[in-house]
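> got a predicted model here, sequence first, then my questions.
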Amino acid sequence: MKRSEVNAIMADADKFIRSFGFILPPFAYWTPAQMRERRADIGGIVDACLGWDITDYGLGNFDEMGLFLFTVRNGSQQDLARGGGMCYAEKIMISRDRQISPMHRHIVKAEDIINRGGGILALQLFNSDKDGNVDETTDVTVATDGVSRTQGPGEILRLKPGESVTLMPGNWHSFWGEEGDVLIGEVSTVNDDRTDNVFREPIGRFATIEEDIEPTHLLVSDYEQLLT
């Protein structure tokens, strides 16, 4: 992805998020220079990978396969390991109309996926087999707003604004917007996007950025290179 494209997606996403009354935290609007100036004070942001996250999964076609995310808060792996403390995370995401987030599962993370507004959020769901691969034979049971729901393997679950689904580790899922772009909330176990995503196809989690212009704001994937 070109940096100019990333900058434009950020600006459009901020407007879309604000249209639903959700405001990103102040650090979302810091420039790269401001983040460098405050590097000594923002270990909690950098270490937890809080902030902007725009991905085309390394495939170069964001409009068809991609996702906008912003990690608002994220706990620590140390707390998770000891079973106490900040063991949770929160994201706000945008899935565009017919823009696919590819089939994947998590090893550790359980997550509530919430339609916060806009169109319909469609999810295709499978179980894992004994080897952790997609099980195309067994029915999938998930909780939708606390109500148990069972559907066939690969069937589409559609969530209207205000509705949610709880996905457990091992639940394979792909999702996209229908009838318009969708604002998505995610409340989950501590999030680790570098090691906890298992994709069905051999794709990447983060985009490769072509630096055609200066960044408006840094992506979480920029932190290691641009804040050291």
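Now that the structure is in, tell me what you want to look at.
> and the longest helix that the chain contains, how far from the chain's centre?
Using DSSP state H, we find that the single longest helix of the chain is helix 3-18. Distance, stretch centre to chain centre, for helix 3-18: 15 Å (C-alpha atoms, centre = their mean, to the nearest Å).
> C-terminal to it, what's the next element?
helix 32-37 (DSSP states H and E).
> buried ones in that next one, by neighbour count?
Using 16 or more other C-beta atoms under 10 Å as the test for burial, helix 32-37 gives residue 35. Placement of C-beta: from N, CA and C, glycine included.
> also stretch 111-123?
Using 16+ other C-beta under 10 Å as the test for burial, stretch 111-123 gives 111, 113, 114, 115, 116, 117, 118, 119, 120, 121, 122, 123.
> what's the average pLDDT for that stretch?
Stretch 111-123 shows a mean pLDDT of 98 in the predicted model.
> could I get stretch 31-46 in PDB with only the CA atoms?
The C-alpha trace of stretch 31-46 is given here as PDB (Å, rounded to 0.1, in the frame of the first residue of the first chain):
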ATOM      1  CA  THR A  31       2.200  13.400  14.400                       C
ATOM      2  CA  PRO A  32       5.200  11.100  14.000                       C
ATOM      3  CA  ALA A  33       7.400  14.000  15.300                       C
ATOM      4  CA  GLN A  34       5.200  14.300  18.400                       C
ATOM      5  CA  MET A  35       5.400  10.600  19.100                       C
ATOM      6  CA  ARG A  36       9.200  10.700  18.700                       C
ATOM      7  CA  GLU A  37       9.400  13.700  21.100                       C
ATOM      8  CA  ARG A  38       7.400  11.800  23.700                       C
ATOM      9  CA  ARG A  39       9.000   8.400  23.100                       C
ATOM     10  CA  ALA A  40      10.100   8.200  26.700                       C
ATOM     11  CA  ASP A  41       6.600   8.700  28.000                       C
ATOM     12  CA  ILE A  42       4.600   6.500  25.600                       C
ATOM     13  CA  GLY A  43       5.900   3.000  26.300                       C
ATOM     14  CA  GLY A  44       2.400   2.000  27.200                       C
ATOM     15  CA  ILE A  45       1.300   2.900  23.700                       C
ATOM     16  CA  VAL A  46       4.200   1.400  21.800                       C
END
